[in-house]
Each structure stands twice: as structure tokens, then as C-alpha cells.
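Engineer: any chance you could fold what I've pasted below:
(chains A, B and C)
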Amino acid sequence: MSSKPKMDAETGKTDQANQASVSVWERIVSIEAAESREYFSRELLVWYDRSKRDLPWRRHRDPYFIWVSEIMLQQTRVDTVIPYFHRFIERFPTIRDLAEALQEDVVKMWEGLGYYSRARNLQAAAQQIVELHDGEMPSEREHVFALKGVGPYTAGAILSIAFNQPEPAVDGNVMRVLSRYFLIEDDIAKPKTRIGMEKIIPGLIPEGRASDFNQALMELGALICTPKSPHCLICPVMEHCRGRIEGMERELPIKTKAKKPRPEQRLAILLEGSGEHEGRVLVRRRPKTGLLASMWEIPHVAAAGEDLGVDVAQLEELLEDRGLVWSPMTAYMTAEHTFSHIHWTMKVLIAREQPEVLAQLAAESGVPYKVAVPESALEPELRFDAEDSGEEWRWVSREDMREIAFPNLFSHILNTYFADEETRAK
DNA sequence: AATCCGGGGAC
DNA sequence: GTCCCAGGATT
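Structural biologist: Numbers count the residues shown, from 1 in each chain, chains lettered A, B, ... in the order given. The predicted structure is shown next:
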């Protein structure tokens, strides 16, 4: 039996660290750690009472406001959320207003925030609340948890912040703060670690102060205990922070890295309308499920890579299927966009719709343009998939863009185009 | 447990 | 460029 610590092949941690990490939660709730816990909770609240930010959703303890803000704040910064929050509450002042709104309008209010299923789930949950709880946010754990789009974090946030119940609300900030203060070396990417934190938090919450305590924890993570270079010198709990004492604050929390987004080349077409479509461009709505569900975009195809001609042919087929005829396509711009799991490099071509007379001439002369089969002529069973998928096409002007929601990438392309148009007109 | 789902700011 | 963020649903 060796007395030297051995490295574990799996975790890279020493036996000693492993010994500590398997019982890390017990260590934190132990009698010996009582002083450290009480110090933490006490000083954190003193600091919060003095330094908390004046945020719109902190001005009332309205469960609806708390809920909307928490959904918006998922993976999104406070500064980004504030203007969205004001507009959203102004447009949908109560849960009932939200429940009765058109989904189009709800998603439009979310345009640019990302993770659009949050908006749809929010409205679905509002409808649940109207049907099951007479339009009032429930305060029972199982009822809150049953709401669409409400998981462990958001349920805990609503119950603690709005109803002052001693429930944990563990997000990335909380895991970072606790990892450092209690020197927890578990991987915060693992659900198990979050569950461990949820278990110790009720024991940290001072009597009657669940709302402030949970907000204080997140506030500390946002303002002081920041990811890259924490401001330990001005931290209210630095004296007993084991991460800082061991010089580990920059190494914590431990988190396995996410995979790189896979690259995808795409080819898009910005088709300018002519005749009755003058001043507008062709857009389509994405399918109801999957990436950017139900959002609008300019038409694009996955590029095969090697041969641009093959990709252009795909685009042409797409337009031919709509019965469209167009002038030669030319390069317009290239745009990049990164999702959490995909990186798009999008080449945008531009072309102009040809008036019907020219279209007919083209058709008669034979070769250049195919005459597309009108969609109405297709067999019903062949049309079903397209309709069921939610795909839809239309011509939009700059003004129309106010009514329908585009992902940022396409907003950017279209805004660039319409700005160019205005310049050209002068 | 792994993957899918946006976007922006800090560094 | 890289990392990270006031996560949840789906499989």
C-alpha cells in the first residue's frame, strides 16, 4: 500500500482529491463547516442588501414578472434582456394577455433573443396557468415544475424569488460561486453536480430570506465572482473562500469543454421582386420543428462544397418549383453565423425576378428556364408534407419585416440589402 | 448521458 | 479567435 497519492486515470485527480470529492457534499454540510457556512450566508446578504442592482423585475414581487425575466435570462445577459423585458411586459401585461396572444406576436417580441422555443413554451405555460390556476402563477412546487419550459433552475427561481420559499435555484453563476467558495472540484457540466449543489443550498438559506439569498448568490457570480478573473479583493466572502485560499479561483469551476460546432457551407438567394412584387424580396418560413423553428429566412441550400455549379443548381430548382423566373445570379455578400453546435458560412447570391412577359419568352425559347408545375396541381398526398411542415413563402418589403420574425443572420442580410437599396435610390 | 437549441459580450 | 453565459426538451 503506497502512502503517496496516486493519480486516477479517469479524473486526473489524486486519491486524496477523490476521497474529498466523493464526500464533498458531506464535508460542506458537516458540523466543522458550520462557521464557514454561516459566515458565507451572513456576509453575502449584507453585501447584497447594499449592492444589489436596480433591475426592472426587482421592482415588484409579481410572479409573472419574475417568471418572464427568468426565462429571458436563460443563457442571456442582463443588459440584453432589459429592453426585451420592458417591451414584453408592455405588450403582454398579464399572464392572461400572454395566453390569448397570437403566437406570431409572441415570437416577434422575442426576435433576436435566440432559443425561440423559450417564447413558445412561455406562451404554452401561460395557457396552462389560465386553464389550471385561474390565471395566477401557482406556488406549489409540483405545479410550477409542470409548466412548459420550466426546469429545475426556473422552478426554484420562481418559488424562491417570488414566493420566498427555501428552494435552490442553481444556474451557472451559482455553481461557479459555490465551486470556488467550498472548493468543489466536481465537473459542473454533469447533472449530478447541480443536484449536489441543490441539496446543500436549503441549509445555507437564512430563515425567511430565500428570495434575497438566491438572488445574492447569482448577483455575486455576475458582479464579483466572474468567470475569467474574479474580483477577490472586493469579495464580501473572500476571507473563508477555499478556492481563493488555495489559489484555485481561476481553475474553478471544473467544466468539460463543449465540442466545436461543425462547419456548414450554405448558399442563399436574395431574389428581388419585380412588377407586383417590386420593392420586396422572397422569403420562406422554416419548418415548425428543429433549428430556428417557424422563423423566416431567405431561401438557402446546403452547399456540397467542391462544385459551386452543383449548389447553384439546387437553388435554381428551389425557385423553379415556385414557378419563378429570374435574371442571372451574382455574388452579393458572405455572412457567418455560429450556433452552439453548427457554424454557417453563408454565401448570398442576388438576382431579380423577371416579369411575366419575359418569363413567357424564356419558356417559349425553350432551354434557359423550366416551367414549373403549380403547387395546386400536385397530388394532395405529395403536398401534405410541405404544408404540415409549416413551410410558407411570401414577398416582404422592409416594412413587412416589422411583422414577422427573422433570426439575426437574416435580419442582418436583409437590413444590409434594404439599406443599399435606399442609398441607390438617392 | 448526450445532443439540440441562439446570440452576444468579455477577453 | 475562444469561452461563457440567470437552462430546458428530447432522445
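Engineer: going forward, measure contacts between C-alpha atoms and count neighbours the same way
Structural biologist: Fine.
Engineer: quick one: A:Gly112 and A:Pro407 touch, right?
Structural biologist: Yes - under the criterion of Cα atoms under 8 Å, A:Gly112 makes contact with A:Pro407 at 6.2 Å.
Engineer: which stretches of the stretch 1-150 of chain A form strands?
Structural biologist: Using DSSP state E, counting those that start in this stretch, no strands are found in the stretch 1-150 of chain A.
Engineer: what does it put close to DNA strand C?
Structural biologist: For the stretch 1-150 of chain A, the contact set with DNA strand C under Cα under 7 Å from any atom of the strand comprises A:69-70, A:73-78, A:115, A:147-150.
Engineer: confirm that A:Trp395 lies within a strand, as I assumed.
Structural biologist: Yes - according to DSSP: H, G, I helix; E, B strand; the rest coil, A:Trp395 belongs to a strand.
Engineer: phi, psi of A:Thr334?
Structural biologist: phi -120, psi 140 (degrees, to the nearest 10).
Engineer: what segments of the stretch 151-300 of chain A are helices?
Structural biologist: Secondary structure of the stretch 151-300 of chain A by DSSP state H, counting those that start in this stretch: the helices cover A:152-157, A:172-181, A:191-200, A:210-223, A:242-245.
Engineer: and A:Val348, what does it touch?
Structural biologist: A:Leu267, A:Ala268, A:Ile269, A:Leu270, A:Ala331, A:Tyr332, A:Met333, A:Thr334, A:Ala335 (Cα atoms under 8 Å, 6 or more residues apart in numbering).
Engineer: out of those, which end up buried?
Structural biologist: A:Leu267, A:Ala268, A:Ile269, A:Leu270 (16 or more other Cα atoms under 10 Å).
Engineer: bridged to the second one, which residues?
Structural biologist: When you say that, I think you mean A:Ala268. Following DSSP bridges, A:Ala268 is listed with bridge partners A:His300, A:Val348.
Engineer: measure A:Pro355 to A:His277 for me?
Structural biologist: 10 Å (Cα to Cα, to the nearest Å).
Engineer: only C-alpha atoms, please: export stretch A:312-326 in CSV.
Structural biologist: Taking C-alpha atoms only, stretch A:312-326 is exported to CSV below (Å, rounded to 0.1, in the frame of the first residue of the first chain):
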residue,chain,number,x,y,z
VAL,A,312,-26.5,26.8,-57.7
ALA,A,313,-28.4,24.1,-59.5
GLN,A,314,-30.1,23.2,-56.2
LEU,A,315,-31.1,26.8,-55.6
GLU,A,316,-32.4,27.1,-59.1
GLU,A,317,-34.5,24.0,-58.6
LEU,A,318,-35.9,25.5,-55.4
LEU,A,319,-37.0,28.7,-57.3
GLU,A,320,-38.3,26.7,-60.3
ASP,A,321,-40.5,24.7,-58.0
ARG,A,322,-42.1,28.0,-57.1
GLY,A,323,-42.8,28.9,-60.7
LEU,A,324,-40.3,31.7,-60.6
VAL,A,325,-38.1,33.1,-63.4
TRP,A,326,-35.0,35.2,-62.7
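Engineer: next, the buried residues of it.
Structural biologist: So for stretch A:312-326, counting by 16+ other Cα under 10 Å, buried means A:Val312, A:Gln314, A:Leu315, A:Glu316, A:Leu319, A:Glu320, A:Gly323, A:Leu324, A:Val325, A:Trp326.
Engineer: among those, which lie within strands?
Structural biologist: Among the buried residues of stretch A:312-326, DSSP state E puts none in strands.
Engineer: what subset of these is also close to DNA strand B?
Structural biologist: Of the buried residues of stretch A:312-326, not one also sits near DNA strand B (Cα under 7 Å from any atom of the strand).
Engineer: what's the closest of those residues to DNA strand C?
Structural biologist: If you rank the buried residues of stretch A:312-326 by distance to DNA strand C using Cα to the nearest atom of the strand, A:Val312 comes first, at 24.9 Å.
Engineer: need the pLDDT of the closest one.
Structural biologist: Per-residue pLDDT puts A:Val312 at 89.
Engineer: and A:Val396, by the same measure?
Structural biologist: For A:Val396, the predicted pLDDT is 94.
Engineer: and the pLDDT for A:Glu387?
Structural biologist: At A:Glu387, the model reports a pLDDT of 41.
Engineer: scratch that, A:Gln16 is what I was asking about
Structural biologist: 45.
Engineer: swap in A:Val373?
Structural biologist: 33.
Engineer: ranges for the strands of the stretch 201-350 of chain A?
Structural biologist: Under DSSP E, counting those that start in this stretch, the stretch 201-350 of chain A gives strands at A:262-272, A:281-285, A:296-297, A:300-302, A:330-338, A:342-352.
Engineer: how close does the closest residue to A:Arg58 other than its chain neighbours sit to A:Trp57?
Structural biologist: Counting by Cα to Cα, 6 or more residues apart in numbering, the nearest residue to A:Arg58 once its immediate chain neighbours are dropped is A:Ile66, at 7.9 Å. Separation of A:Ile66 from A:Trp57 (Cα to Cα) stands at 6 Å.
Engineer: next one: A:Ile184
Structural biologist: A:Ile184 is 32 Å from A:Trp57, by Cα to Cα.
Engineer: so these two - more neighbours on which side?
Structural biologist: For A:Ile184 versus A:Trp57, the count of surrounding residues by other Cα atoms under 10 Å is larger for A:Ile184: 26 against 19.
Engineer: chain neighbours aside, what residue packs nearest to the residue nearest to the spatial centre of chain A?
Structural biologist: Nearest to the geometric centre of chain A sits A:Tyr115, at 3.3 Å (Cα atoms, centre = their mean). The spatial neighbour of A:Tyr115 that comes closest, neighbours along the chain excluded (Cα to Cα, 6+ apart), is A:Leu292 at 7.9 Å.
Engineer: surely that neighbour and A:Ala405 touch.
Structural biologist: No - if you go by Cα under 8 Å, A:Leu292 and A:Ala405 don't touch, sitting 10.4 Å apart.
Engineer: between the two, which one's more packed in?
Structural biologist: A:Ala405 (23 against 18).
Engineer: and the more buried one, that one's in a helix?
Structural biologist: No - with three-state DSSP as the criterion, A:Ala405 is coil rather than part of a helix.
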